[in-house]
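A.B. asks: Just the structure for this:
(one chain, ligands or ions: 2)
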Amino acid sequence: MEGFKTKYVKDDLGAIMKQEKTIIKIRNLQRYYKTGQVTVKALNGVSFEIKKGEFIAIMGASGSGKTTLLRILGLIDKPTKGEYTINNLNVVDLPEEERNCYRLTQLGYVFQDYALINEMSASENVYILSLMEGRSKKESLITAKEALGKVGLGDKLDRIPDHLSGGEKQRVAVARAIAKKPKILFADEPCANLDTRTSEQVLEVLKTLNKKFGQTIVMVTHEPWHTKYVSRVIELNDGLVIKDKKLRGLIKDKKSAPKKSSFRKRSKT
Ligand SMILES: Nc1ncnc2c1ncn2[C@@H]1O[C@H](COP(=O)(O)OP(=O)(O)OP(=O)(O)O)[C@@H](O)[C@H]1O
Ligand SMILES: [Mg+2]
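C.D. replies: Ligands and ions are numbered 1, 2, ... in the order given. You can find the predicted model right below:
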């Protein structure tokens, strides 16, 4: 394990500082789910590259494969077939322990269903991950408070998830992922339960992380107005990329905003 850390994680940190670098490369990624006799082809051959510092929106109708793709990119799940490298490291074939180490130290993930620990307060939910990464208690507490403050929950540090609204739980999940300042942040619909104002607040936090600290962000969203925060949009349909578009800079006018989504769910076939 120490060998792995020295060889890959350390090299990786050095390499990652270089600009204009391809950080993620996927080739012909496939993920099939088998339930009984039925096989669902959730990803059916997805290929693309992501450069360091990109802020990407993954879009597409419900069931198009967004979460499946993000879970594989976030090293939570493995593809049925296909290649996936981060900084030229083949992360698909890494032994379990090394994959977990890589995920914990290098990647951040906001889950679509929050995945918070019910018995712990908001700050403990954020703090515990920081501790697991080997930071001191003092540093972890400061980091947790700072991250929760950024998403507007500075006054609800001691609340357990059951005593928070859906949107507040979602923001705790965002705080937990950003607190560790990961090299790559994956966020699965981080604004799904938030009103427009709070969504803007969370998107601004992500934009700052991206602009100021060059963090690479891959965010799943259904909302077309969210694309004004990102530099590229990848759209999926039936497990395939049907659009991959770079956007020229960010739209500065925040007022031309939201209300309705034309991307909302389609019925599953
Ligand atoms: N664990 C699973 N077992 C079987 N089928 C699954 C599983 N997870 C996802 N699927 C199927 O794979 C397809 C892609 O699902 P996925 O969750 O990636 O879609 P999504 O684009 O994230 O949808 P949504 O916008 O509703 O979150 C769907 O048809 C879904 O029913
Ligand atoms: Mg999903």
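A.B. asks: looking at the chain, which residue lies furthest from center?
C.D. replies: residue 37 (32.2 Å; Cα atoms, centre = their mean).
A.B. asks: pLDDT at that residue, what is it?
C.D. replies: You'll see residue 37 listed with a pLDDT of 94.
A.B. asks: what about residue 224, how many neighbours?
C.D. replies: 15 (other Cβ atoms under 10 Å). Where you see a C-beta, it was placed from the backbone N, CA and C, and this is true even at glycine.
A.B. asks: what about it, distance to ligand 2?
C.D. replies: Distance from residue 224 to ligand 2, counting by Cβ to the ion, to the nearest Å: 17 Å.
A.B. asks: With residue 156 as the reference, measure out to that residue.
C.D. replies: Noted for residue 224: a distance of 30 Å to residue 156, by Cβ to Cβ, to the nearest Å.
A.B. asks: and what of residue 75?
C.D. replies: 30 Å.
A.B. asks: list the contacts for the residue nearest to the spatial centre of the chain?
C.D. replies: Against the mean C-alpha coordinate of the chain, by Cα atoms, centre = their mean, the closest residue is residue 186 at 1.1 Å. Listed by Cβ atoms under 8 Å, 6 or more residues apart in numbering, the contact set of residue 186 reads 70, 73, 74, 107, 108, 109, 110, 177, 217, 218, 219.
A.B. asks: which stretch of helix or strand covers the closest residue to residue 132 other than its chain neighbours?
C.D. replies: Using Cβ to Cβ, 6 or more residues apart in numbering and skipping residues adjacent in sequence, the residue nearest residue 132 is residue 104, 6.8 Å away. According to DSSP states H and E, residue 104 maps onto helix 96-106.
A.B. asks: Quick check: buried residues in that helix?
C.D. replies: Within helix 96-106, the residues scored as buried using 16 or more other Cβ atoms under 10 Å are 98, 99, 101, 102, 103, 104, 105, 106.
A.B. asks: Up against ligand 1, what does the protein have?
C.D. replies: Neighbours of ligand 1 within the chain, by Cβ under 6 Å from any ligand atom: 33, 35, 40, 42, 60, 62-68, 268.
A.B. asks: Quick one, which of the residues you listed are buried?
C.D. replies: Listed as buried from those are 42, 60, 63, 64, 65, 66, 67, 68; burial here means 16+ other Cβ under 10 Å.
A.B. asks: Filter those down to just the ones in strands.
C.D. replies: residue 42 (DSSP state E).
A.B. asks: would JSON lines of the buried ones among the residues of the chain next to ligand 1 with distance to residue 83 be doable?
C.D. replies: Shown next, in JSON lines, are these (distance: Cβ to Cβ, whole Å):
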{"residue": "42", "distance to residue 83": "17"}
{"residue": "60", "distance to residue 83": "22"}
{"residue": "63", "distance to residue 83": "25"}
{"residue": "64", "distance to residue 83": "21"}
{"residue": "65", "distance to residue 83": "17"}
{"residue": "66", "distance to residue 83": "20"}
{"residue": "67", "distance to residue 83": "20"}
{"residue": "68", "distance to residue 83": "16"}
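A.B. asks: I'm done for today, thanks for sticking with me.
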